[in-house]
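K.L.:
fold the following.
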Amino acid sequence: MPRTLATLFDLTGHKALITGASGGLGLHFAQTLAAAGAQVVLAARRVDKLADAVREIEAAGGKAIAVAMDVADRASVNAALDQAQAQLGVIDIVVNNAGVSGTKRALDYTDEDWDWVVDTNLKGAWIVAQETARRMIMAQQPGSIINITSILGSRVTNLLSPYVAAKSGLKQLTQALAIEFARYGVRVNSIAPGYFITDINREHLTGADGDKLRMRIPTRRYGEFEDLEGPLLLLASRAGSHMTGSEIVVDGGHLCNAL
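P.N.:
You can find the predicted model right below:
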């Protein structure tokens, strides 16, 4: 395909896996990649939660399938990848989006709390990146792995100790994998969102405390899902073909200011 501005971000022929795709940012990432021409694999622990999303993408003219995947369980990840590969071929775009968080004082977190957050946000991203890269390399298929980190991987706030530990770990893991996978044509980058309103945090961010937080963001607004489309397509497409080990921060300047 000739390299033109019209084709630079085109993902026709690519196969993309999005974890945590049942709603929120994950669903939007899947819709964005599908609109750019990729065939998308939506992954979540419960496949029934993905049915509506698959129908929406296909109604808009895209191609989508759903797979059940627990990112922290290697057997589950490989079973889902086997299913996706049998239906579409080798995955060559990965969006490691699955994530969870708690809100407690450091002394109140249990080992179970820690494992739940770190296993999903860090170990899960590690397993998915490792197993998808393994398949790309075996097939001699170049690809792009995009980890969803956070501005809390660079700065710290209260009550989120396991989360900030996991996200800072994922930021460093992105760079470590980028170095090792570059020789195979597999790029590894990350997107670090600031505060975006989702179903999980809507009540807090739209309340009085949330308004104080919003006023500390230089743009004086929270992110909108559409703000992540450009960075996502840049990293997924050949427009970002010489980018690996990079983190794109999308936060309205929040990291430049006091959190």
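K.L.:
could I get the full set of strands for the protein?
P.N.:
Taking DSSP state E as the criterion, the chain carries its strands at 15-19, 39-44, 63-68, 93-96, 143-148, 186-193, 247-250.
K.L.:
who does the last one touch, helix- and strand-wise?
P.N.:
Using 3 or more Cβ pairs under 8 Å, 6 or more residues apart in numbering; DSSP states H and E, the elements in contact with strand 247-250 are strand 186-193, helix 229-236. Every residue, glycine included, has its C-beta placed from N, CA and C.
K.L.:
hmm, try it at 7 Å
P.N.:
For strand 247-250, the helices and strands in contact under the criterion 3 or more Cβ pairs under 7 Å, 6 or more residues apart in numbering; DSSP states H and E are strand 186-193.
K.L.:
same check, this time on the fourth one
P.N.:
Applying 3+ Cβ pairs under 7 Å, 6+ apart, we find strand 93-96 packed against strand 15-19, helix 124-138, strand 143-148.
K.L.:
before we move on, back to that, redo the strands of the chain as CSV? Include mean neighbour count, mean pLDDT and distance to Asp115.
P.N.:
What follows is the strands of the chain, written out as CSV (neighbours: other Cβ atoms under 10 Å; pLDDT from 0 to 100; distance: least, Cβ to Cβ, whole Å):
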stretch, mean neighbour count, mean pLDDT, distance to Asp115
strand 15-19, 29, 98, 18
strand 39-44, 29, 98, 20
strand 63-68, 20, 98, 21
strand 93-96, 28, 99, 18
strand 143-148, 27, 98, 20
strand 186-193, 24, 98, 23
strand 247-250, 18, 98, 26
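K.L.:
re the thing from before, for Gln31, which of the helices and strands packed on strand 93-96 is the nearest?
P.N.:
Shortest distance between Gln31 and the helices and strands packed on strand 93-96, using Cβ to Cβ, is found for strand 15-19: 9.5 Å.
K.L.:
so what's the gap between that closest one and the chain middle?
P.N.:
For strand 15-19, the distance between its averaged C-alpha position and the chain's averaged C-alpha position is 9 Å (Cα atoms, centre = their mean, to the nearest Å).
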